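Chemist: Prediction below, plus the sequence it came from.
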There are 4 protein chains.
Amino acid sequence: MANNIPTLFDKSLQAMNISDKQKAVLRASLTLFSEKGVESTSTSDIAKMANVAEGTVYKQFKTKNDLLQAVIGSVIDTVVPQIASEFVNETVNTEEPDFKDFLQNLIQNRLQFFITNLPQIRILIREAMTNEELRLQVIEKVTHLHLKKLANSFKYYQKQGQLVDWEFTRIVRYILGTTASYAAPLLFSGSATFNITHASQEATNFLIKGLQPR
Amino acid sequence: MANNIPTLFDKSLQAMNISDKQKAVLRASLTLFSEKGVESTSTSDIAKMANVAEGTVYKQFKTKNDLLQAVIGSVIDTVVPQIASEFVNETVNTEEPDFKDFLQNLIQNRLQFFITNLPQIRILIREAMTNEELRLQVIEKVTHLHLKKLANSFKYYQKQGQLVDWEFTRIVRYILGTTASYAAPLLFSGSATFNITHASQEATNFLIKGLQPR
Amino acid sequence: MANNIPTLFDKSLQAMNISDKQKAVLRASLTLFSEKGVESTSTSDIAKMANVAEGTVYKQFKTKNDLLQAVIGSVIDTVVPQIASEFVNETVNTEEPDFKDFLQNLIQNRLQFFITNLPQIRILIREAMTNEELRLQVIEKVTHLHLKKLANSFKYYQKQGQLVDWEFTRIVRYILGTTASYAAPLLFSGSATFNITHASQEATNFLIKGLQPR
Amino acid sequence: MANNIPTLFDKSLQAMNISDKQKAVLRASLTLFSEKGVESTSTSDIAKMANVAEGTVYKQFKTKNDLLQAVIGSVIDTVVPQIASEFVNETVNTEEPDFKDFLQNLIQNRLQFFITNLPQIRILIREAMTNEELRLQVIEKVTHLHLKKLANSFKYYQKQGQLVDWEFTRIVRYILGTTASYAAPLLFSGSATFNITHASQEATNFLIKGLQPR
DNA sequence: AATGAATGAGGCTTCATTCAT
DNA sequence: TATGAATGAAGCCTCATTCAT
């Protein structure tokens, strides 16, 4: 239901066996890293936002980088898979007889997720561009996402003659690329006015054509 | 011919009325900002790579941010338009009778450009994500790109019945999105092995279908 | 019998009216202070080695300096005198008819003691060099050592005409100085190979000459 | 003439190609390290005493430890040999016909040096006890001291029948040990009243006996 | 008595920036 | 114009110490 990273992040925090102050540190870190970037966030900034002494920031995590790992790791390890399974359950599972409806659902849902979690996604992308280690973590996680159900759906529509007979990753690539062509500008602007419904309809119309059999 | 930013950048440096050392500073800045990100590049790093005293970095540019502005500004102001017009002249001008050939040329050319200038593009993207001012500059520049020739080509193919009758920006969006779906991973990996020809063919096949009239 | 400080230290701990954990704290402090110096030993290091919570270190001793005082004080107050009396009983009491045998026994015994307790001696020396208070304590203790028996032995050998008729402290000074000339290097090296028997024989031969009457 | 470490240190500083402020930093470091020990001296202390910004402390030496190495290294590399040659020229060269006079000169001279440079010697000893690297440096330097002249003098007195026929290092050992038996207490007390002349006479009388032939 | 999370002062270090030469 | 020594604010981190449980 709640496909909102801070909320999910909070849930994953509750599962962690750390004190409330430590949770506040992680929350503040996520927020500040997202807002200003990692390098521009000082441990003193974090301490202030978390209402905590600066030393407290270092009780659980020995290094600012450890903290970054914990924050991003938590997003990656806990949130991403959670998103994926939710995505599969909410969207993909819905058995639409019509591929077009299925596709629009899918796109609208992903756009919504993207917009909701813009700050966190922004920081993930930003850091992954210069941080090798993080990059590997992200790739690892994304690679092992449980996408079987999605593949099955595709196969179903392919058998029905509603979807071109290309391999799974290629189809996913175009759906992602087209969706991203609507979403990417948001990475750079504030979350300006954006009509999700209209965008997903437009994108779907294009994709349906490009992905029809023949 | 040379659609490679460091080379173009050098050309734009020659036009600037500054000493050789100052040019070396700008060159080093471009390189280091690209490699490690702006925040992680110290002015001392720049001085070392430019073979220049620390004070020299501050002779022409009063602050590190001024330097960043100069570097990025130079890329944006001089290089981007240059790229655009070159792109228009080299690629778009070529009058292909067939939209498919036109499209593949276009995509292949842009992928090549992207790969060649990966480091500079990386830093432009990275900084634009947290730097409001830069963001506006980029948008400003990109918005006013002289794309009339491209628009004319599209109109031509539309009249020929080879291209769907959507508005210019929508068509550009899908071409960009699809191209980006092949290029984006390169932003995160090193410049892994990548078959441009194959990618541009695949992308073209998809786009042709999605963008055919009807 | 056991002229080894950690063991004696343990005995003195048993006499103290403190809990087992507190004893562990003192033991760990002795070890770490010896190994790395007081300034370079953190209370957290001590807690870890003592298998105790950080707060526990502060239950019995209010400050780190109190802890240092307790450790060194214990060595000085309890152990040094114990050593002294043992030394007197074991070595000096033995009535050797020959001064040379007496002297060699003495030196060999002290060298053995020195080597066995190198770490503790090292820290005592180190701290005494910058810690006025400790310095006074050590001097106080050493000054009041019960050395009457040793003095009596000397008088005996002086009457026998085997020992020069100098005052007690002067004779002690040369014995100590000569013995130290063999022992001191060990303070700086690890416990390199060292032949106690050979060293004590050599030292004795020299001292016998220097301390003969006339 | 001036066998005083701070003065010699200053001379060695003048030979170094560094600014006055940097010299002030090194001087302040030597003073403070000597007075309070390395661990208890903060870089801020050093900056204050040197009348310099804290950042200045780090211009020449990248680390507090580098600074320590520079200070101690300078003492070891420049001062120790200088001392040694001076010692050889002033004391050993003096051709005394009588070994006793030679010996007393030697001891008095060394005691004087020791007292004059107490603070610096103290810190050298203190640090060498826990700093392996430094230890090796000191040993290296002391080992290669130019002691040939001293050895030659000893050989001369041995031929004259004034000095026992033991090997060089053994004789040096006893002279050092006996001298140290007078000097060592000064390491721990302040430089209390100390009669150098009396001490050197007393020590000489003992050594002459212990080192006579036969 | 024991715990261990929390504290905050202070230590080491970096770095953008200035300025005399 | 170029230099590079100097600056000092600010960042990261450690550690002795406190306190609620």
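Modeler: Done, it's in. Only a predicted model underlies this, so the values are computations on that prediction, with no experimental measurement involved. Residues are numbered from 1 along each chain as shown, chains lettered A, B, ... in the order given.
Chemist: Any stretches of chain A with poor pLDDT?
Modeler: Filtered on pLDDT under 70, chain A yields the residue ranges A:1-6, A:78-79, A:82-94, A:146, A:189-192.
Chemist: Tell me which residue in it sits closest to DNA strand E.
Modeler: Relative to DNA strand E, the nearest point of chain A is residue A:55 (1.8 Å; CB to the nearest atom of the strand). For glycine as for every other residue, the C-beta is placed from the backbone atoms N, C-alpha and C.
Chemist: What is the neighbour count of that residue?
Modeler: Other residues near residue A:55 number 9, with proximity taken as other CB atoms under 10 Å in any protein chain shown.
Chemist: Quick check: it vs chain B, distance?
Modeler: Counting by CB to the nearest CB, to the nearest Å, the gap between residue A:55 and chain B amounts to 25 Å.
Chemist: go on, residue A:116?
Modeler: Applying CB to the nearest CB to residue A:116 and chain B gives a distance of 18 Å.
Chemist: which phi and psi does that residue have?
Modeler: Note on residue A:116: its backbone torsions stand at phi -60, psi -40 [degrees, to the nearest 10].
Chemist: That one: neighbour count?
Modeler: Other residues close to residue A:116 by other CB under 10 Å number 17.
Chemist: again with residue A:106
Modeler: When neighbours are defined as other CB under 10 Å, residue A:106 has 23 of them.
Chemist: Look at it and tell me its secondary structure.
Modeler: Reduced to three states with DSSP: H, G, I helix; E, B strand; the rest coil, the structure at residue A:106 is helix.
Chemist: Could you look up the SS state of the residue of chain A closest to DNA strand E?
Modeler: Assigned by three-state DSSP, the conformation of residue A:55 is helix.
Chemist: The helix or strand harbouring residue A:120 and chain B in contact?
Modeler: When secondary structure is defined using DSSP states H and E, the element that contains residue A:120 is helix A:118-128. Yes: using CB under 8 Å from any CB of the partner chain, helix A:118-128 reaches chain B at A:122, A:125, A:126, A:128.
Chemist: Residue A:157 against residue A:163, yeah?
Modeler: Yes: because the distance of 3.9 Å satisfies CB atoms under 8 Å, residue A:157 is recorded as touching residue A:163.
Chemist: Need the overlap of contacts for the two.
Modeler: Common contacts of residue A:157 and residue A:163 (CB atoms under 8 Å, 6 or more residues apart in numbering or on different chains): residue A:99.
Chemist: after the helix or strand hosting residue A:181, next one along is what?
Modeler: In the assignment (DSSP H and E), residue A:181 maps to helix A:168-188. From helix A:168-188 onward toward the C-terminus, using DSSP H and E, the following helix or strand is helix A:196-210.
Chemist: how about that following helix: buried residues?
Modeler: Judged by neighbour count using 16 or more other CB atoms under 10 Å in any protein chain shown, the buried positions of helix A:196-210 are A:196, A:199, A:200, A:202, A:203, A:204, A:206, A:207, A:208, A:210.
Chemist: do stretch A:109-125 as well
Modeler: With burial defined by 16+ other CB under 10 Å, the residues of stretch A:109-125 counted as buried are A:109-111, A:113-114, A:116-125.
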